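In: quick one, fold the following:
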Amino acid sequence: MIFLLCCDQDAATDIRLQFDQAFANVLWHDSGQNLTKNNFKMQEVKHKSVGAIIRSGDGKYFLIERNTQPFGFAGIAGHIDPGEIPEQALKREIKEESGFNLLEYKLVVQKFIAWNWCNKGVTGHDWYLFECRISGKITPAPREVKSSGWYSLAEIQNLRLEPVWEYWFKELGIL
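Out: Here you go, the predicted model:
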């Protein structure tokens, strides 16, 4: 989460001490106004993301090796764009990153992960994680995907997973 505060230095110091730095970045803005602890504006900014757990009939999982940070193997995932609902973002991300068509989906979990940073400078994401059934031919996006494939549980245990995907696989009892 990022909290934007507009207040004087003393009030800002008092307010800043109230937030756990593991969950918030505090950005200072000196507006030139004489503001007090009780007279400030705060706006929470966080990103929303979708993720796709895609499992084949023989129990293998479709993973991509990310070509951008955070690096590692991951399920298909991405930010929900302004004006999109999670299901629209899911369909778009699956098509963009793999070339697959989304046939069916089921929301498995919706959870805020405070430590999940991204290259856009946000330290937390509100995740919508779906189990998905897909069709089509693999045509990964080279800008985002270094490699992709179907992996067994034994193979996944030997991969360097992107940290949030290691978390999800453990949280859901997959690993």
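
In: list the contacts of stretch 164-173.
Out: The contact list for stretch 164-173 (C-beta atoms under 8 Å, 6 or more residues apart in numbering) reads 51, 53, 63, 70, 72-75, 77, 108-109, 113, 116, 125, 127, 129, 156, 161, 174-175. C-betas here are computed from N, CA, C, even on glycine.

In: what do you get if the cut-off is 6 Å, keeping everything else the same?
Out: Defining contact as C-beta atoms under 6 Å, 6 or more residues apart in numbering, one finds that stretch 164-173 is touched by Ala74, Gly75, Asn116, Leu175.

In: flag every buried residue along it.
Out: Val164, Trp165, Glu166, Tyr167, Trp168, Phe169 (16 or more other C-beta atoms under 10 Å).

In: which pair in the contacts of stretch 164-173 spans the largest distance?
Out: Greatest spacing in the contacts of stretch 164-173, by C-beta to C-beta: Asn116 and Leu175 (17.5 Å).

In: hmm, back to that, in strands only, show me the contacts of stretch 164-173.
Out: If you go by DSSP state E, the contacts of stretch 164-173 have Ala74 in strands.

In: could you flag which of the contacts of stretch 164-173 are buried?
Out: For these, buried by 16+ other C-beta under 10 Å: Ala74, Gly75, Asn116.

In: what's the pLDDT at the first one?
Out: At Ala74, the pLDDT value in this model is 98.

In: same thing with the last one?
Out: According to the model's per-residue confidence, Asn116 sits at a pLDDT of 90.

In: distance of it relative to Lys170?
Out: To Lys170, Asn116 is 14 Å away according to C-beta to C-beta, to the nearest Å.
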